[in-house]
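K.L.:
Here is my input, please return the structure:
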Amino acid sequence: MAKRISILLSVITLIAVAVGAQRALADEQPVEHRVVRLKILTKLPSDKRVEKVAGDPAIVGAPFVIRIHAEAGHVLMPHTQQVDENIVVVQGSWAIGMGAHFKREALEPMDVGAYAFAPKDMAHFAFSMTATIIQVHGIGPFATHWLVPMYELFDKGVLLKIAARDPGGPVSEAPEGCFLLKLGTHVRVSIGEGVVVGAQCTPGQLTQSRVEKADGELFWAQREELTTP
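P.N.:
Numbering: from 1, shown residues only. This next block holds a predicted model:
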């Protein structure tokens with residue numbers, strides 16, 4: 001009996017020593033640190049312009065940091081997220097507004113360094129005044145859901161999307177009046193001219209076209225802003 005007790009005490013001692021050594025090693029190891037510099041992402045599909053900086057926005061209860069790269073003139077139509085959204089402009093000029101309908105007069109301009117807070121489930125919209133990078137942080141899961149499903153025109157047809165990163169489902173056609181300008185149409189607007197390479201339509205509200213200049217630069221313009229030769 002005494003021998004068994006002695007063996008048990010020895011095992012407990014070894015376990016305690018091992019745990020203590022692991023804790024000491026963990027205390028000695030430096031906390032992970034890194035610097036993530038700004039990247040310039042160009043000519044990417046509109047649903048591929050989100051860069052993960054830290055964490056994963058899809059994980060429930062986990063912190064995350066992402067950067068969203070927006071082309072000049074793009075309107076982010078009214079949407080919600082199921083978690084609080086913290087926004088900081090790190091490059092360019094941005095504008096944000098609250099409400100279920102896009103209204104230019106409701107936009108609040110944000111320059112580099114400006115911070116905005118959008119509470120969870122609150123409908124809001126945004127406008128990229130120039131080519132812009134915003135940094136968003138919060139606690140996941142983070143996903144952008146359109147208040148009104150969006151139709152997107154691209155080189156293979158039309159997709160219907162319910163969320164910003166939704167790959168979309170193909171449809172035979174968009175609602176009447178959505179895409180009056182075909183891909184390849186040469187257009188002019190105050191900031192330049194180029195060829196229509198894509199478009200987005202929120203039925204009954206807004207249609208915007210993605211335009212590529214001769215030098216490859218991309219920007220967005222609303223249908224009423226565009227003229228054809």
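
K.L.:
Thought residue 189 was touching residue 225, still the case?
P.N.:
Yes. Here residue 225 reaches residue 189: they are 5.1 Å apart, a contact under CB atoms under 8 Å. Using the backbone N, CA and C atoms, a C-beta is placed for each residue, glycine as well.

K.L.:
which element follows the helix or strand of the chain with the lowest mean pLDDT toward the C-terminus?
P.N.:
Least confident helix or strand, the chain: helix 2-28 with a mean of 43, by mean pLDDT, DSSP states H and E. Per DSSP states H and E, the first helix or strand lying C-terminal to helix 2-28 is strand 50-55.

K.L.:
got the domain boundaries for this protein?
P.N.:
The chain breaks down by automatic domain parsing into domains covering 46-145, 146-225.

K.L.:
and the shortest one, how far out from the chain's middle?
P.N.:
Taking CA atoms, centre = their mean, to the nearest Å, the mean C-alpha location of domain 146-225 is offset from the chain mean by 18 Å.

K.L.:
got the buried residues for stretch 216-229?
P.N.:
217, 218, 219, 220, 221, 223, 226 (16 or more other CB atoms under 10 Å).

K.L.:
from those, which two are the most distant?
P.N.:
For those, the farthest-apart pair by CB to CB is 217 and 223; their separation is 20.1 Å.

K.L.:
rewinding a little: which among the domains of the chain is found nearest to residue 38?
P.N.:
Closest among these, once you apply CB to CB, is domain 46-145, at 6.4 Å.

K.L.:
thinking again about what came up before, format the domains of the chain as CSV; extra columns: mean pLDDT and distance to residue 37.
P.N.:
What follows is the domains of the chain, written out as CSV (pLDDT from 0 to 100; distance: least, CB to CB, whole Å):
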stretch, mean pLDDT, distance to residue 37
domain 46-145, 95, 10
domain 146-225, 94, 22
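
K.L.:
What residues of stretch 123-136 count as buried?
P.N.:
Those would be 124, 125, 126, 127, 128, 129, 131, 132, 133, 134, 135, 136, for stretch 123-136 by 16+ other CB under 10 Å.

K.L.:
do you know how far the residue lying closest to residue 63 once chain neighbours are set aside is from residue 97?
P.N.:
With sequence-adjacent residues excluded and distances taken as CB to CB, 6 or more residues apart in numbering, residue 63 is closest to residue 55, at 5.3 Å. Separation of residue 55 from residue 97 (CB to CB, to the nearest Å): 28 Å.
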